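Student: this is a predicted model, with the sequence first.
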Amino acid sequence: MLTKLLTKDCIQLANFVRSWQEAIHLAASPLVQQHKIEQRYVEAMIRSIEHYGPYVVITPKVAIPHARPSDGVLELAISLLRLQKPVFFSPNQPVYLLIVLAAIDNASHLQVLADLALVLQEPDQIDDLIACQHADMIWEKIKQYTTKESTE
Amino acid sequence: MKILVVCGSGLGSSFILELNVKKALEVLGKDAEVTHTDLASAKAEKADIYLGAADIVNELAKDKGIIVSIVNMMSISEIKEKLEPLL
């Protein structure tokens, strides 16, 4: 499910960004271009972090910025940005992987999140994804991590 | 025993954390009702334990119940350690 939604054209690699806000803008840009989210959804994700704090950093090195369906989601979608140099969500929270989540309701994205949990539950898998130099490779690895478990 | 997992929107992080809380309970061999919600709803919902990222759960009133803040939401061992003495 995750690799069906996270298509290769929604996976980006960048060297560095100047701020976490810029990282979110960049990470979400394929979804804006493909009309899966409105620009205001990007601003809503940023406001949410400004309001609540960087709780979207769910495990070291990884953030899953998101906002509410009513903030401008047009289609269930997900995108990924891998940074060569980390961006700091707080002084002790360096982030290398941003996974933007756009949900249309409370339920349809839950299988995607369950798959994402399979990827993020192993710190080694996170490091392997960060080390990737091509979008194709990131996609293949995610495919591998999410099918390994479900066939067991 | 009811455990409410809380995040800002109730959509993303709280669901992933809920999955991991359930895994931790399984490892501990304990049973509890686990659900997830957003911060605004959590303020109006009764539970025995409120669990989430520190940024979020610290917004809940101190008299609500037991509040557990989690740093690494993917770490089953952290969740397990923090929940075990409360179950």
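Tutor: Sure, I can see it.
Student: use CA for all of it now, contacts and neighbours both
Tutor: OK.
Student: need the phi and psi values for the residue of chain A found nearest chain B.
Tutor: For chain A and chain B, the shortest gap (C-alpha to the nearest C-alpha) falls at residue A:59, measuring 4.7 Å. The phi/psi pair for residue A:59 (degrees, to the nearest 10) reads phi -160, psi 160.
Student: apart from its chain neighbours, what residue comes closest to it?
Tutor: residue B:72 (4.7 Å; C-alpha to C-alpha, 6 or more residues apart in numbering or on different chains).
Student: so who does that neighbour touch?
Tutor: The contact partners of residue B:72, taken as C-alpha atoms under 8 Å, 6 or more residues apart in numbering or on different chains, are A:58, A:59, A:60, B:78.
Student: how about the residues of chain A by chain B?
Tutor: Residues of chain A lying close to chain B by C-alpha under 8 Å from any C-alpha of the partner chain are A:48, A:52-56, A:58-60, A:64, A:66-68, A:101, A:103, A:106, A:110, A:113-114, A:117, A:120-121.
Student: the most centrally placed residue in chain A: what secondary structure?
Tutor: Closest to where the C-alpha atoms of chain A average out (C-alpha atoms, centre = their mean) is residue A:99, at 0.4 Å. Look at residue A:99: counting by DSSP: H, G, I helix; E, B strand; the rest coil, its state is strand.
Student: burial count for residue 62?
Tutor: I'll assume chain A. For residue A:62, the count of nearby residues is 20 (other C-alpha atoms under 10 Å in any protein chain shown).
Student: actually it's chain B I care about, not the one you picked
Tutor: The number of residues near residue B:62, taken as other C-alpha under 10 Å, comes to 10.
Student: so it versus residue A:38, what's the distance?
Tutor: Separation of residue B:62 from residue A:38 (C-alpha to C-alpha, to the nearest Å): 38 Å.
Student: now swap in residue A:59 and tell me
Tutor: Residue A:59 sits 27 Å away from residue A:38, going by C-alpha to C-alpha.
Student: comparing these two, which shows the higher neighbour count?
Tutor: residue A:59 (21 against 17).
Student: could you point out the longest helix in chain A?
Tutor: helix A:135-150 (DSSP state H).
Student: show me what that helix is packed against.
Tutor: On a contact count with 3 or more C-alpha pairs under 8 Å, 6 or more residues apart in numbering or on different chains; DSSP states H and E, helix A:135-150 meets helix A:2-5, strand A:11-14, helix A:110-120, helix A:123-131.
Student: check which helices and strands the last one is in contact with.
Tutor: Taking 3+ C-alpha pairs under 8 Å, 6+ apart as the contact definition, the neighbouring helices and strands of helix A:123-131 are strand A:77-88, helix A:110-120, helix A:135-150.
Student: residues contacting it, please?
Tutor: The contact list for helix A:123-131, computed with C-alpha under 8 Å, 6+ apart, reads A:61, A:82, A:83, A:84, A:96, A:97, A:119, A:120, A:138, A:141, A:145.
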